[in-house]
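Undergrad: sequence-free structure coming up:
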């Protein structure tokens, strides 16, 4: 079974995190929800608290197939500044493992030096990354082992693309159909 890490930091965008976790689990992908500290309760940008299953300190990178970072400005800044998240991103990239980020979170990938040339993100975040390679027309952009997406409204399509990448076209089609997500083409 594919295994994906979704680290949550205070101020994460709830729509993005929950959609990603839910859609991946519907796609028969094991999702590990990790907090950046020992405290398991993580409050999102809109005061919704989610219970993480583990601390980022307990993550075994060798067991992961992918890491996916939800956005939300507060959460993004925390992911960008967290030494463990930055280390995991670098290790996974060095091994050619899959990396994903949505909304403002590509900034954390940029800081780690793992963001590839072509990407997308929440509008204006590219000003803190670089405009070269930025696309504002695609919901999801994949370049090498890195997949990025725009924001809350693209979260389901982003998660479905992750399902397609990790589980194949058939599982992608099954989950997409069950979600009535025909707009995600």
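TA: Thanks, I have the structure now. Computed from a predicted model, the values in this text were never measured in an experiment.
Undergrad: contacts, neighbours, all on C-alpha from now
TA: Fine.
Undergrad: just the pLDDT at the residue most central in space within the chain, thanks.
TA: With distances taken as C-alpha atoms, centre = their mean, residue 68 lies nearest the centre of the chain, 2.6 Å away. pLDDT, residue 68: 99.
Undergrad: how many neighbouring residues does the nearest residue to residue 138 once chain neighbours are set aside have?
TA: Spatial nearest neighbour of residue 138, excluding adjacent residues (C-alpha to C-alpha, 6 or more residues apart in numbering): residue 120 at 7.4 Å. Using other C-alpha atoms under 10 Å, residue 120 has 28 other residues around it.
Undergrad: tell me the contacts of residue 120?
TA: For residue 120, the contacting residues are 106, 126, 134, 135, 136, 138, 139, 140, 141, 148, 149, 150, by C-alpha atoms under 8 Å, 6 or more residues apart in numbering.
Undergrad: this protein: helices as residue ranges?
TA: 14-26, 73-81, 83-94, 106-112, 126-129, 155-167, 169-178 (DSSP state H).
Undergrad: now residue 32: how far from residue 51?
TA: Separation of residue 32 from residue 51 (C-alpha to C-alpha, to the nearest Å): 11 Å.
Undergrad: just put the helices of the chain in JSON lines and tack on mean neighbour count.
TA: Formatted as JSON lines, the helices of the chain follow (neighbours: other C-alpha atoms under 10 Å):
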{"stretch": "helix 14-26", "mean neighbour count": "21"}
{"stretch": "helix 73-81", "mean neighbour count": "21"}
{"stretch": "helix 83-94", "mean neighbour count": "17"}
{"stretch": "helix 106-112", "mean neighbour count": "23"}
{"stretch": "helix 126-129", "mean neighbour count": "14"}
{"stretch": "helix 155-167", "mean neighbour count": "23"}
{"stretch": "helix 169-178", "mean neighbour count": "16"}
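Undergrad: can you lay out these as CSV showing distance to residue 4 and mean pLDDT?
TA: Shown next, in CSV, are the helices of the chain (distance: least, C-alpha to C-alpha, whole Å; pLDDT from 0 to 100):
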stretch, distance to residue 4, mean pLDDT
helix 14-26, 8, 98
helix 73-81, 16, 98
helix 83-94, 12, 98
helix 106-112, 16, 98
helix 126-129, 25, 96
helix 155-167, 10, 98
helix 169-178, 16, 98
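Undergrad: now those in JSON lines, please, with extra columns for distance to residue 58.
TA: Conversion of those to JSON lines gives the following (distance: least, C-alpha to C-alpha, whole Å):
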{"stretch": "helix 14-26", "distance to residue 58": "19"}
{"stretch": "helix 73-81", "distance to residue 58": "16"}
{"stretch": "helix 83-94", "distance to residue 58": "10"}
{"stretch": "helix 106-112", "distance to residue 58": "20"}
{"stretch": "helix 126-129", "distance to residue 58": "30"}
{"stretch": "helix 155-167", "distance to residue 58": "23"}
{"stretch": "helix 169-178", "distance to residue 58": "30"}
